[in-house]
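Colleague: Here's my sequence, what's the structure:
(chains A and B)
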Amino acid sequence: MLTKKVAPQAPVRAASPFLQRPPLRLLHGVAPLRRVGTVGLVLYALVLGAGLGLATANWATRGRYPFGGVVLNAWTAWPKIGARDADPYVRAIHARTGEVPLALGEGLLLTALTDESGRRLDPSCRYRIAGATPPSRAWTLTVERRGRTKAEAAGEPAGETGMAPRTGFTSTEVLRDRDGRFAVTLSPTVQPGNWLPMPAGEGSIRLVLRLYDTPVAASTGVLEREGVPSITREDCP
Amino acid sequence: MTPFGRFLLATLCGLVLAGLVHVAAVLAIPYLATGDALSQARATLANDTSVLVHAVETGGKAEGAPAAGWLPRQDPAVAVGICAYDLDDGPVRITAETGPLLETIALHGRNGAYYAITDQAALRGTVELVIMTKRQYDEALASADEDERNRDMRIVAPSREGFVSIRVLAALPSQQALANEAARSVSCTIDGPDE
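Modeller: Here you go, the predicted model:
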């Protein structure tokens, strides 16, 4: 502190120039006028606080839940989003998006952004989603992309110009093997069996598993015991 | 204090302020938002039946599908109907005729969902709920006839305003019309004093 008082420029030069230069330039201008400097610093603190606070609040409530999920392999379960004790971030996200969440007694939402080994879902790859699902009366497995597709953006209703590509399977329509297990192939090219086409458009891929009327919602411990479907990357060009 | 020290102090104050602003903004968003489901549902307040806000279209174009959906992306196989209520006018009675499809009914207040029921709770094919405020509930209890058993399922709402969401799953594309119709046909009427 003492050396700084005597020669304020000395330590600044020694430190990283990238970090130190802006305050130095700012202070050179305001240091002689101490009163203006105080006002400037207060203004600076206010602008920094307001700007940073609003920006982070906006970022945290953009659309995907920042925390509160239960991670199970590649999947994340969201048991709290439709409960009375949903956290403020979930409430803010719902208020901004207009989402009507699955309530605690209705079902459970699970999402996956990565495959089993933790790599992001790649739109050009082929994935196999297989295994058993937790106990529920019905479930649906859907794939979605963050950005809207061109047809959606243009307001063109799907189905008018022919059938829209499949975006999901329900537990009733999925083909199963003799043991009641299923395997869905998520791929951009046609596949035999349960083919889930990779959605066209921009943005990251997200798999969504919704369990309807499930006892799992009450305690996610059941999920760990019964297991969730695995997502394995099979083939990449 | 050195100019740099003052600058550092100002930055620290700014960061603390940023934290406060962040928390305040996140807490304020539900009260300031205009695109939330409750505000959107309020337009349907005058209706006696639920309004379809997300139609199943797995089996082709749905009839009477909502033109501009305000909901974010939903399950493509699930029809979502919505019915807003305001308990100022009296308790609200929700009556849903259940069919062969999986149907869930959830009640949402200002602070999120507070109650949910599925079609498995249906009695003779209908699910019937009465939503009331704590005050209305106490009044109903006080004025109840002792000899007569009340069979209504009464639910005390945490807030005056809210909405009911109805989800019907079309397990197969051929059940599309049935699911959309079921999500649209739940009645939500004000329970008059002359019941």
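
Colleague: Give me the neighbour count for residue 87.
Modeller: I went with chain A, as the question did not name one. Neighbours of residue A:87 under the rule other CB atoms under 10 Å in any protein chain shown: 16. To be clear about C-beta, it is placed using only N, CA and C from the backbone, and glycine gets the same treatment.

Colleague: Actually, chain B is the one I wanted.
Modeller: 18.

Colleague: Distance from the longest helix anywhere in chain A to the middle of the chain?
Modeller: If you go by DSSP state H, chain A has its longest helix at helix A:34-60. With CA atoms, centre = their mean, to the nearest Å as the basis, helix A:34-60 stands 29 Å off its chain's centre.

Colleague: Same check on stretch B:75-83?
Modeller: For stretch B:75-83, the distance to the chain centre is 12 Å (CA atoms, centre = their mean).

Colleague: for that stretch, which positions count as buried?
Modeller: B:75, B:76, B:77, B:78, B:79, B:80, B:81, B:82, B:83 (16 or more other CB atoms under 10 Å in any protein chain shown).

Colleague: does the fourth one really touch residue B:56, like I thought?
Modeller: Yes: with contact taken as CB atoms under 8 Å, residue B:78 and residue B:56 are classed as touching, separated by 6.7 Å.

Colleague: so what's in contact with these two at the same time?
Modeller: Residues touching both residue B:78 and residue B:56 by CB atoms under 8 Å, 6 or more residues apart in numbering or on different chains: B:168, B:170, B:179.

Colleague: Also near chain A: which of the residues you listed, exactly?
Modeller: Among the shared contacts of residue B:78 and residue B:56, the ones lying near chain A by CB under 8 Å from any CB of the partner chain are residue B:170.

Colleague: Quick one: residues contacting the residue nearest the centre of chain A.
Modeller: By CA atoms, centre = their mean, chain A has its centre lying nearest to residue A:64, at 4.3 Å. By CB under 8 Å, 6+ apart, the contact set of residue A:64 is residue A:93.

Colleague: And it, how close does it get to residue B:123?
Modeller: 40 Å (CB to CB, to the nearest Å).

Colleague: what do you get for residue B:159?
Modeller: 28 Å.

Colleague: got it, and residue A:82?
Modeller: Between residue A:82 and residue B:123 the computed distance is 25 Å (CB to CB).

Colleague: May I see the buried residues of stretch B:39-50?
Modeller: Within stretch B:39-50, judged by 16+ other CB under 10 Å, the buried ones are B:39, B:40, B:41, B:44, B:50.

Colleague: Stretch A:80-94: end-to-end distance?
Modeller: One end of stretch A:80-94 to the other measures 13 Å (CA to CA, to the nearest Å).

Colleague: how close does residue B:122 sit to chain A?
Modeller: Using CB to the nearest CB, to the nearest Å, residue B:122 is found at 13 Å from chain A.

Colleague: Show the pLDDT at that residue.
Modeller: Per-residue pLDDT puts residue B:122 at 79.

Colleague: can you tell me which residues contact it?
Modeller: Contact analysis of residue B:122 by CB under 8 Å, 6+ apart lists B:96, B:98.
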